[in-house]
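Student: Sequence and predicted structure are below.
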Amino acid sequence: MKSYSLIACVILGFQLSAQQVGQPAPSLAGETIPYSNFHQRWAPMMQKLFQQVRDDDEIVTHFVGAEVGSPYELEEFEKGSVFYEDDNLGEYYYRYNIFSSEVELKRTLMAEEKQQALIRDPKVVLIPKTGNLGYHYLPFTTSKGDRLEGYLLLLYRGENFKIYKHLESKFTEAKPAANSMVNPIPSRFSTFTSYFLQADGGDIAEVSLKKNRFLKELNDPMADKVKQFMKEEGIDLSDESQLIRTVAQMDLLAKQ
């Protein structure tokens with residue numbers, strides 16, 4: 001049973017609307033169909049979990065409509081649930097904008113509804129209906145030692161180990177042909193994937209998909225057993241499903 005005090009604290013001020021940043025939210029009392037039933041289900045706390053998505057006609061015009069690739073993980077909106085810690089705040093349609101590192105949300109798929117961006121907070125998680133175990137905004141360390149924050153997609157959660165996927169999108173501007181002998185270079189989005197391991201609730205650090213480097217990150221007893229497992233199973237860490245299998249095996253070994 002959720003306590004009233006928790007709901008009042010968490011939900012105070014959350015209202016999903018198409019308002020501009022810095023402007024007060026419109027009252028819900030006058031909402032009409034088709035949104036009236038939806039708004040009746042909303043407590044008045046929803047405002048702080050969402051922020052206005054940057055307008056394509058303003059800030060990000062330069063990056064919209066690349067000739068090759070996409071800034072999105074998936075172009076279409078999918079269903080998912082938003083959680084604040086353990087509180088389920090309901091189902092929404094979402095899509096992940098890799099380039100801007102934003103989870104875009106809509107209450108409906110109606111064209112006139114403006115999508116919003118989920119606030120970046122470690123306590124706020126978007127859980128898809130299918131696929132990964134959630135979009136988590138967390139700090140992590142890259143292979144170069146850089147400490148960053150961003151969305152990590154949880155792929156496996158065990159008692160001792162978690163494995164996350166990180167997606168990064170880079171935009172390259174179009175370049176005209178230098179002369180008639182060469183083709184112009186189209187504008188494009190390029191997506192890059194990396195993986196991060198967390199052991200025993202510690203730091204989230206990038207892992208190499210090369211076996212020898214991967215094994216060097218493990219302690220000696222674990223490394224020897226994982227090496228044997230990889231050899232027996234013919235593991236290819238560049239295959240995401242096999243990477244997950246390996247981390248699951250590490251979790252089993254940690255219990256022995």
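Tutor: Thanks, I have the structure now.
Student: ok, now which ones touch the nearest residue to Ala254 once chain neighbours are set aside?
Tutor: Of all residues not flanking Ala254 in the chain, Asn160 sits nearest, at 4.2 Å (CB to CB, 6 or more residues apart in numbering). (C-beta placed from N, C-alpha, C; glycine too.) Contacts for Asn160 (CB atoms under 8 Å, 6 or more residues apart in numbering) come out as 199-200, 250-251, 254-255.
Student: who wins for neighbours among those residues?
Tutor: Neighbour counts for the contacts of Asn160, by other CB atoms under 10 Å, peak at Met250, which reaches 22 neighbours.
Student: Can I get the helix or strand hosting Arg245 in CSV, CA atoms only?
Tutor: Element membership for Arg245, per DSSP states H and E: helix 240-255. C-alpha atoms of helix 240-255 as CSV (Å, rounded to 0.1, in the frame of the first residue of the first chain):
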residue,chain,number,x,y,z
GLU,A,240,25.0,-9.5,-27.6
SER,A,241,23.1,-12.7,-26.7
GLN,A,242,26.4,-14.5,-26.0
LEU,A,243,27.7,-11.6,-24.0
ILE,A,244,24.6,-11.9,-21.8
ARG,A,245,25.1,-15.6,-21.5
THR,A,246,28.6,-15.0,-20.3
VAL,A,247,27.6,-12.5,-17.7
ALA,A,248,24.8,-14.9,-16.5
GLN,A,249,27.5,-17.6,-16.2
MET,A,250,29.7,-15.3,-14.2
ASP,A,251,26.7,-14.7,-11.8
LEU,A,252,26.4,-18.5,-11.3
LEU,A,253,30.1,-18.8,-10.7
ALA,A,254,30.0,-16.0,-8.1
LYS,A,255,27.5,-18.1,-6.0
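Student: List the contacts of that helix.
Tutor: By CB under 8 Å, 6+ apart, the residues outside helix 240-255 that reach it are 155-156, 158-163, 165, 195, 197, 209, 218, 222, 225-226, 229-230, 233, 235-237.
Student: So which bits of it are buried?
Tutor: Neighbour counts over helix 240-255 (16 or more other CB atoms under 10 Å) mark 242-243, 245-247, 249-251, 253 as buried.
Student: mean confidence for it?
Tutor: Helix 240-255 comes out with an average pLDDT of 96.
Student: Check stretch 156-170 too.
Tutor: Average pLDDT, stretch 156-170: 96.
Student: Could you export it as PDB, keeping only the C-alpha atoms?
Tutor: Written as PDB, here are the backbone C-alpha positions of stretch 156-170 (Å, rounded to 0.1, in the frame of the first residue of the first chain):
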ATOM      1  CA  TYR A 156      20.700  -8.600 -17.700                       C
ATOM      2  CA  ARG A 157      20.300  -8.300 -13.900                       C
ATOM      3  CA  GLY A 158      21.800 -11.000 -11.700                       C
ATOM      4  CA  GLU A 159      22.500 -11.100  -8.000                       C
ATOM      5  CA  ASN A 160      26.200 -10.100  -8.500                       C
ATOM      6  CA  PHE A 161      26.400  -8.800 -12.000                       C
ATOM      7  CA  LYS A 162      24.500  -6.500 -14.400                       C
ATOM      8  CA  ILE A 163      25.300  -5.800 -18.000                       C
ATOM      9  CA  TYR A 164      24.200  -2.600 -19.800                       C
ATOM     10  CA  LYS A 165      24.200  -1.400 -23.400                       C
ATOM     11  CA  HIS A 166      25.000   2.200 -24.300                       C
ATOM     12  CA  LEU A 167      24.000   3.700 -27.600                       C
ATOM     13  CA  GLU A 168      25.700   6.800 -29.000                       C
ATOM     14  CA  SER A 169      24.700   8.700 -32.100                       C
ATOM     15  CA  LYS A 170      26.900  11.000 -34.100                       C
END
